[in-house]
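1. Based on what follows, work out the 3D shape:
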Amino acid sequence: MDGIININKPAGFTSHDVVAKLRGILKTKKIGHTGTLDPDAVGVLPICVGKATKVADMLTATEKEYIAEMTLGSKTDTQDASGTVLATAPVTVEEDDIRKVLESFLGEGQQIPPMYSAIKQDGKKLYELARKGIEVERQPRPITIYGIEFLWFHPEEKKCKFRVACSKGTYIRTLCQDIGDALGCFAHMSALCRSQSGRFYLDDAYTLDAIASMVEAENFSFLTPVDKVFEELPPLYLSKRKADLMCHGVQVRTPGICEGTVYRIYRESGEFLSISLAQDGMLKMQKTFY
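-> Residues are numbered from 1 along each chain as shown. Okay, here's the model as predicted:
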């Protein structure tokens with residue numbers, strides 16, 4: 001069983017919980033997620049099964065889109081609604097103020113990762129230190145906000161919702177806190193949904209219950225084939241002899257290939273073998289899937 005499953009992660013589950021649940025449903029051990037979502041967050045969580053685990057790092061590095069709700073007027077130690085309130089302030093901002101501040105975060109920037117995160121420092125995860133009441137200095141990390149869209153503001157509830165497209169490694173909790181600081185009234189994230197991760201979208205995501213029902217019915221259409229991740233690359237089909245040579249680690253000379261182009265490599269039978277770079281008339285394997 002090989003492929004990628006676009007899971008709609010439910011609230012209350014960690015990413016590891018989802019992996020454990022799917023191990024039981026699919027009865028397979030070779031499975032992993034492509035980047036954590038906070039337990040309270042919901043939405044797109046691509047899961048790699050079998051040979052697809054080889055592309056997990058590539059899926060993690062893709063652009064993400066989130067729909068976030070933030071509550072204005074208070075800051076918490078976890079930067080979300082699960083934490084302890086550290087400070088409060090009156091909320092006097094209006095919709096136009098929020099729109100302008102959101103737009104100011106567009107483009108490349110720096111973000112200090114939160115203490116409540118799985119980032120390791122000196123061999124220890126930050127959240128383990130945070131739970132002991134220890135706070136350490138963190139270095140800012142580069143992030144990019146590709147797009148940010150105001151959705152609504154409810155002044156009586158002090159809540160605002162926005163959509164954001166961002167680079168790998170962007171903490172939306174931290175973004176909410178930074179937005180609150182820029183508004184001068186504090187803020188924390190009160191809800192989060194990941195609506196897109198690379199080529200995977202929320203509208204196409206499956207619940208765990210749906211996967212269980214489909215497996216029981218022997219319907220495995222929820223699996224996205226591994227080669228779909230590389231759809232933008234041109235396909236190249238090799239004869240049995242050349243495919244066998246490639247599978248034994250031999251660089252194959254192939255007439256007509258375009259220098260510097262990365263290809264999806266298949267056997268004549270249609271079996272997906274690798275992604276390979278055309279270099280000096282040879283195919284140099286970059287990642288294998290056989």
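
2. moving C-terminal of the longest strand along the chain, what's the next helix or strand?
-> The residue-count maximum for a strand in the chain (DSSP state E) belongs to strand 141-154. For strand 141-154, the succeeding helix or strand toward the C-terminus, using DSSP states H and E, is strand 159-166.

3. outside of that following strand, which residues touch it?
-> Strand 159-166 is contacted by residues 63-72, 98, 102, 143-154, 170, 172, 175, 187, 190, 195-196 when judged by Cβ atoms under 8 Å, 6 or more residues apart in numbering. To be clear about C-beta, it is placed using only N, CA and C from the backbone, and glycine gets the same treatment.

4. Go through the longest strand of the chain and flag the buried ones.
-> Ile143, Ile145, Ile148, Phe150, Phe153 (16 or more other Cβ atoms under 10 Å).

5. quick one: which helix or strand includes the closest residue to Thr60 other than its chain neighbours?
-> With sequence-adjacent residues excluded and distances taken as Cβ to Cβ, 6 or more residues apart in numbering, Thr60 is closest to Gly35, at 4.5 Å. Under DSSP H and E, no helix or strand contains Gly35.

6. Need phi/psi at Gly35.
-> Here is the backbone geometry of Gly35 (degrees, to the nearest 10): phi 130, psi 130.

7. ok, it to Gln110 distance?
-> Distance of Gly35 to Gln110, given as Cβ to Cβ, to the nearest Å: 21 Å.

8. Can you show me the strands along the stretch 101-250 of the chain?
-> Assigned by DSSP state E, counting those that start in this stretch, the strands in the stretch 101-250 of the chain fall at 107-111, 120-121, 124-125, 141-154, 159-166, 187-197, 200-201, 223-224, 235-238.

9. Comparing the ones you listed, which comes out most buried?
-> Ranked by mean neighbour count under mean count of other Cβ atoms under 10 Å, these are led by strand 187-197, which reaches a mean of 23.

10. Packing partners of that strand?
-> Applying 3 or more Cβ pairs under 8 Å, 6 or more residues apart in numbering; DSSP states H and E, one finds that strand 187-197 contacts strand 42-49, strand 64-72, strand 74-76, strand 159-166, helix 172-183.

11. Redo those as JSON lines? Include distance to Ala87 and mean pLDDT.
-> Putting the helices and strands packed on strand 187-197 into JSON lines (distance: least, Cβ to Cβ, whole Å; pLDDT from 0 to 100) gives the following:
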{"stretch": "strand 42-49", "distance to Ala87": "28", "mean pLDDT": "95"}
{"stretch": "strand 64-72", "distance to Ala87": "12", "mean pLDDT": "97"}
{"stretch": "strand 74-76", "distance to Ala87": "5", "mean pLDDT": "96"}
{"stretch": "strand 159-166", "distance to Ala87": "18", "mean pLDDT": "98"}
{"stretch": "helix 172-183", "distance to Ala87": "10", "mean pLDDT": "96"}
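
12. Cool, thanks, signing off.
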